[in-house]
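Enquirer: Below are the sequence and a predicted model; questions follow.
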Amino acid sequence: DRTEIAPGAVHVPDWLDGDGQRELLRACREWARPPAGLRTVRTPGGGTMTARQVCLGWHWYPYAYARTVVDGDGAPVKPFPAWLAELGRRAVTDALGAEAASGAPFDIALINFYGADARMGMHRDGDEKSHAPVVSLSLGDSCVFRFGNTGTRARPYTDVELRSGDLFVFGGPSRLAYHGVPRVLPGTAPRRLGLTGRLNVTLRVSGFRA
Ligand code: MD3
Ligand code: FE
C-alpha cells in the first residue's frame with residue numbers, strides 16, 4: 001500500500017512490522033543516552049524547539065551541520081550504523097524504486113522525540129548538500145503531518161496522519177517542500193510498543209566529505 005501525495009512524496013503505511021518497530025525503538029533509546037544524547041534545540045532567535053533531538057553521523061544545529069555537539073555537551077556525534085543505511089536503502093527502493101536508491105548512502109539520522117504538546121512549525125530541510133531523498137520513519141503516537149509547497153510556507157496544505165510503523169519518502173520535487181507537524185495525537189501508540197509520545201527518525205544523505 002503506497003500513496004503518492006505529491007510528485008516524489010510517497011507514504012507507505014505500516015512499513016515496519018511490530019518487531020521492526022520495537023528494534024528501532026530500542027536503538028533510539030540507546031542513541032538518546034549521553035554523551036551526545038537527546039537534547040533541546042535552541043534557535044538563533046531565542047526560541048526552543050518543542051521536539052527534542054539526537055543526531056547520528058553529522059550533528060544538526062540551527063542551521064548547519066557539525067561533527068560534535070556544538071550546541072550541547074561538545075561530545076563527538078554518534079556514528080551512523082551500516083544497518084541503518086541498509087534500512088534506508090530498502091525504504092527508498094520500496095517507495096520510489098531501485099533507481100532512486102542507487103546514489104550515495106545515507107550518512108545522517110535526525111531523531112526527534114515529541115511529547116503530547118510538541119509540534120514542529122512549517123520549514124524546509126535545506127542544510128544538506130545532497131538533494132537525495134529523505135526517509136522518515138514514525139514510532140509511537142500518531143501525528144498530523146502537514147505537507148505544503150516548495151515556493152511558499154503558505155497554504156494549500158495536505159494533512160496526513162502518520163502512525164507507528166509508517167514510512168514516508170520525500171524525493172525529487174518534494175525534497176525542498178515546506179512541511180511540519182501541527183500536532184501529536186496522544187494515547188494512539190500501539191500498546192505493545194511501550195512508548196509514550198512520538199519518535200520520528202529521518203535518514204538523509206549529507207553530500208559532505210567524510
Ligand atoms: C519533507 N521531521 O526532521 S518527518 C525534520 O515528524 C522533520 O519529526 C518531522 O521535518 C517529524 O526535518 C517530519 C517528514 C519529513 C522529513 C523530512 C523532509 C518530511 C520532509 C525533508 C524534505 C521534505
Ligand atoms: Fe523537516
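Expert: Ah, there it is. Ligands and ions are numbered 1, 2, ... in the order given.
Enquirer: Please report phi then psi for T50.
Expert: Backbone torsions for T50, taken as degrees, to the nearest 10, come to phi -80, psi -20.
Enquirer: cool, and L84?
Expert: Dihedral angles (degrees, to the nearest 10) for L84: phi -70, psi -30.
Enquirer: pLDDT on stretch 124-131, on average?
Expert: For stretch 124-131, mean pLDDT rounds to 98.
Enquirer: Next: stretch 96-108.
Expert: 98.
Enquirer: which residues touch it?
Expert: 8, 10, 55-58, 60, 65, 80, 84-85, 88-90, 92-93, 128, 130, 132-133, 135, 169, 171, 203-208, 210 (C-beta atoms under 8 Å, 6 or more residues apart in numbering). Every C-beta, even on glycine, is put in place using the N, C-alpha and C of the backbone.
Enquirer: tell me which residues in that stretch are buried?
Expert: Across stretch 96-108, burial judged by 16 or more other C-beta atoms under 10 Å covers 96, 100-101, 106-108.
Enquirer: out of those, which one sits closest to ligand 1?
Expert: Nearest to ligand 1 among these: I108, at 10.3 Å, using C-beta to the nearest ligand atom.
Enquirer: I'd like to know the beta-bridge partner residues of that closest one.
Expert: R204 (DSSP bridges).
Enquirer: any idea how far it is from V135?
Expert: Between I108 and V135 the computed distance is 11 Å (C-beta to C-beta, to the nearest Å).
Enquirer: This structure against ligand 1: which residues are in contact?
Expert: With the criterion set to C-beta under 6 Å from any ligand atom, the chain comes near ligand 1 through 110, 112, 120, 125, 134, 136, 145, 168, 170, 174-175, 177, 179, 181, 200, 202.
Enquirer: Out of the residues you listed, which comes closest to A189?
Expert: Closest approach between the residues of the chain next to ligand 1 and A189, by C-beta to C-beta: N200, at 12.9 Å.
Enquirer: That closest one contacts D141, doesn't it?
Expert: No. Here N200 lies out of contact with D141, judged by C-beta atoms under 8 Å, at a distance of 10.6 Å.
Enquirer: Now do the shared contacts for the two.
Expert: Y114.
Enquirer: isn't L193 right next to G140, touching?
Expert: Yes. The pair L193 and G140 passes the contact test of C-beta under 8 Å, sitting 6.4 Å apart.
Enquirer: Neighbour count: the two, which is higher?
Expert: Between L193 and G140, counted using other C-beta atoms under 10 Å, the more crowded position is G140 (25 against 17).
Enquirer: CA atoms of the strand or helix carrying E86 as PDB?
Expert: Taking DSSP states H and E as the definition, E86 sits inside helix 82-96. Written as PDB, here are the backbone C-alpha positions of helix 82-96 (Å, rounded to 0.1, in the frame of the first residue of the first chain):
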ATOM      1  CA  ALA A  82      25.700   0.400   8.400                       C
ATOM      2  CA  TRP A  83      22.400  -1.400   9.200                       C
ATOM      3  CA  LEU A  84      20.500   2.000   9.300                       C
ATOM      4  CA  ALA A  85      21.900   2.900   5.800                       C
ATOM      5  CA  GLU A  86      20.700  -0.500   4.600                       C
ATOM      6  CA  LEU A  87      17.200   0.100   6.100                       C
ATOM      7  CA  GLY A  88      17.100   3.500   4.400                       C
ATOM      8  CA  ARG A  89      18.100   2.000   1.000                       C
ATOM      9  CA  ARG A  90      15.300  -0.600   1.300                       C
ATOM     10  CA  ALA A  91      12.800   2.200   2.200                       C
ATOM     11  CA  VAL A  92      13.700   4.300  -0.800                       C
ATOM     12  CA  THR A  93      13.600   1.200  -3.100                       C
ATOM     13  CA  ASP A  94      10.100   0.300  -1.800                       C
ATOM     14  CA  ALA A  95       8.700   3.800  -2.100                       C
ATOM     15  CA  LEU A  96      10.400   5.200  -5.200                       C
END
